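Engineer: here's my sequence, what's the structure:
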Amino acid sequence: MEKRWQILRPDPQAVNRLTVQLGCHPVIAGILASRNFTTVEKATRFLKAPLSDLRNPLSLADMDAAVNRIYRAIIHRQKILIFGDYDVDGITSTALLLDFLRALDVPVSYYIPHRIREGYGLHPAQVTEQAIPQHIDLIITVDCGSGSHHAIRTARESGIDVIVTDHHEIDFPPPEACAVINPKRKDCPAGLENLAGVGVAFYLVIALRKHLREQNFWKNRPEPNLKQTCDLVALGTVADMVPNLEENRILIRAGLEVLNARSRPGVDELLRISGIHNRPVDAEDIAFRLAPRLNAAGRLEHAAIAVELLTTRDTDKARQISVTLNSLNRIRQETEQAVHEEITQNLKANPALLNRRTLVLAQEGWHEGILGIVAGRLTRKLFRPVILIAIHDGFGKGSARSIPGVNLYHALEQCRDLLDNFGGHAMAAGVKIGTPAIKTLQDRFETVVATSTPEENFIPSLTIDAVMDLPEISTGLIDALEDLMPFGPGNHVPLFMAGNVKVDQVKIIGGKHRQLTLKCPGLPGGIIKAIQFNVDPSTPRPDHFMRIAYRLQWNHWNGRKTPQIVIEET
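Structural biologist: This is a model prediction of the structure:
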């Protein structure tokens, strides 16, 4: 799909001021200014992102009530059940809270529902069949619970207290739990709406540790170092694709530092089997190597496998689980590709579907555990909201993904009467629907999105941070760009544009990727290596490009690093 190239033009005065006062490369100053870090104070806070800049956990609504209730459970040795979600955010939230409470020698267990058999969130049956038989006194939900009104009422009537920690969209009033910690609550003043579920759980642990300190709880036992849990926070935050700014940026940076210390056996073994050796781990590794393997457990088997990986201290056990997750991930890739190919053929046979602003498809036999990934691929390719629904026994369960400018949750709210259940946020959601209502959903969802979204929102754009021809590239600039890391939503990888690019050598690798050597007088040897992913290998060998949009990075290989360009568009 043709993209609009939009070149950012930051305020020259702000760029000059940052260049001088920060002593940084003008390109870096331009990127900072374009991202609204226009003062030295703002830019420095962004670049340094220290843990000390985290906002006060007690600013979150109900945090004090949650801390007091958990403290009472700790002192009286009441049984606590952590109830988590089956994605990486929920898995890491569960592991984080489990590790902390185990360190206090508290009677604590966890439960994660089976994605296909039980679905998302806390339900009354899980209270009656799991919590009550185990004589649980307190349930703490992580990365879920905001919509679990009936289950929380069932728990309360059974004498079980519930604390909700979550970050998904939430109706008002919230569930009648003894505490509902969700920064998206309308009455929450914290300003932390962008936290992932694991970020909310981390804030709870910070507040709880502080309260225990005030009660002299740590007098005769070591106080946990919470920075060492930031690896879990980084995993869940990056995987959940929340904005990589403010608190999230602080937590991801701290987490990457811990990840690179390789102190958690499960993560260390997962890094090994993911092929990450002798180089630093970055956010891209989490997103494309670690998260898919952790997610594969919940998609195809059970997410508890991943929780065990993240909480074990046994290296042999960690190695065995990593092998299992790697195998599940390969099966996930094959299953995903089969469904994607089936949909691609369907679109070729029914091209009229592409005249719509949305794509809603349903099919028996689809594996619902991988529909979110396929929906995401189609959303990026077709640049429109996509809902994919797997039908089984008269019901459909599906995943939805959206594009910037179309709030998925709000659109689904206007289809609420057609849905048995739904939940999520602006860019991703899950739905449950009776089969007879699917056709109506297709038409209603199309109408809602088409009538509320401007035409230009359906044209993908490519944001160019700066025009920079290849001779301007230097190793110093590549080093300086790493100061802007980690990259992700809200802090995209800087993208540059160069014109009249001369090609020296070309070869196809992996059947579909183009490896090039480009002439680059600014670097030693006068060349720079480049890679262009997913090209048609039958296209003629290029001798030059009129223009390219590219990102610039170090390529780490066999303990060495060399400059590399990744060509995004031509």
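Engineer: by mean pLDDT, which helix or strand of this structure comes out lowest?
Structural biologist: strand 421-424 (a mean of 86; mean pLDDT, DSSP states H and E).
Engineer: could you list the buried residues of it?
Structural biologist: Residues of strand 421-424 classed as buried: 422-424 (neighbour count, 16 or more other Cβ atoms under 10 Å). Just so you know, the C-beta spots here come from the backbone N, C-alpha and C atoms, and that holds for glycine as well.
Engineer: what is the nearest of the residues you listed to Ile170?
Structural biologist: Gly423 (9.5 Å; Cβ to Cβ).
Engineer: check contacts around the closest one.
Structural biologist: 120-121, 146-147, 168-169, 429-430 (Cβ atoms under 8 Å, 6 or more residues apart in numbering).
Engineer: now, which of the residues you listed lie within strands?
Structural biologist: 429-430 (DSSP state E).
Engineer: need phi/psi at the closest residue in space to Asp53 that isn't next to it in sequence.
Structural biologist: Closest residue in space to Asp53, ignoring its immediate chain neighbours: Ile250 at 5.9 Å, by Cβ to Cβ, 6 or more residues apart in numbering. Recorded main-chain torsions at Ile250 are phi -60, psi -50, according to degrees, to the nearest 10.
Engineer: now the one 4 residues further on
Structural biologist: Reported as degrees, to the nearest 10, the phi and psi values for Ala254 are phi -60, psi -40.
Engineer: my guess is it meets Thr229, correct?
Structural biologist: No. Assessed by Cβ atoms under 8 Å, Ala254 is found out of contact with Thr229, at 9.6 Å.
Engineer: check the gap between the spatially most central residue of the chain and Arg17 for me.
Structural biologist: Within the chain, one residue has its C-alpha closest to the average C-alpha position: by Cα atoms, centre = their mean, that is Asp240, at 2.1 Å. The gap separating Asp240 from Arg17 is 35 Å, by Cβ to Cβ, to the nearest Å.
Engineer: same deal with Ala283?
Structural biologist: For Ala283, the distance to Arg17 - Cβ to Cβ - is 29 Å.
Engineer: who's more crowded, those two?
Structural biologist: Ala283 (22 against 17; other Cβ atoms under 10 Å).
Engineer: can I assume that one is in contact with Arg253?
Structural biologist: No. Ala283 is not in contact with Arg253 according to Cβ under 8 Å; the separation is 9.3 Å.
Engineer: tell me, what's touching the two both at once?
Structural biologist: Contacts common to Ala283 and Arg253, judged by Cβ under 8 Å, 6+ apart, are Pro486.
Engineer: gap between the lengthiest helix in the chain and the chain center?
Structural biologist: In the chain, with assignment by DSSP state H, the single longest helix is helix 315-349. Between the centre of helix 315-349 and the centre of its chain there are 18 Å (Cα atoms, centre = their mean, to the nearest Å).
Engineer: before we move on, what about stretch 415-423?
Structural biologist: 24 Å.
Engineer: and what of stretch 272-284?
Structural biologist: 18 Å.
Engineer: follow-up on the earlier one: buried stuff in the longest helix of the chain?
Structural biologist: Buried, per 16+ other Cβ under 10 Å, within helix 315-349: 318-319, 321-322, 324-325, 328-329, 332, 335-336, 339-340, 343, 347.
Engineer: and which of the residues you listed is nearest Asp87?
Structural biologist: Arg332 (13.1 Å).
Engineer: ok, and the closest non-adjacent residue to the closest one?
Structural biologist: Using Cβ to Cβ, 6+ apart, the closest residue to Arg332 is Ala296 (4.7 Å).
Engineer: tell me the helix or strand right after the host helix or strand of that neighbour.
Structural biologist: If you go by DSSP states H and E, Ala296 is part of helix 291-300. Next along the chain after helix 291-300, taking DSSP H and E as the criterion, comes helix 304-311.
Engineer: show me what that next one is packed up against.
Structural biologist: Here helix 304-311 touches helix 88-103, helix 265-273, helix 291-300, helix 315-349, going by 3 or more Cβ pairs under 8 Å, 6 or more residues apart in numbering; DSSP states H and E.
Engineer: what's the burial count for Val503?
Structural biologist: 16.
Engineer: again but with Ile403, I slipped
Structural biologist: 19.
Engineer: and the gap between it and Cys415?
Structural biologist: According to Cβ to Cβ, Ile403 and Cys415 sit 18 Å apart.
Engineer: swap in Ala207?
Structural biologist: On the measure of Cβ to Cβ, Ala207 and Cys415 end up 38 Å apart.
Engineer: Leu18 too?
Structural biologist: 46 Å.
Engineer: likewise for Gln215?
Structural biologist: Relative to Cys415, and taking Cβ to Cβ, Gln215 is found at 49 Å.
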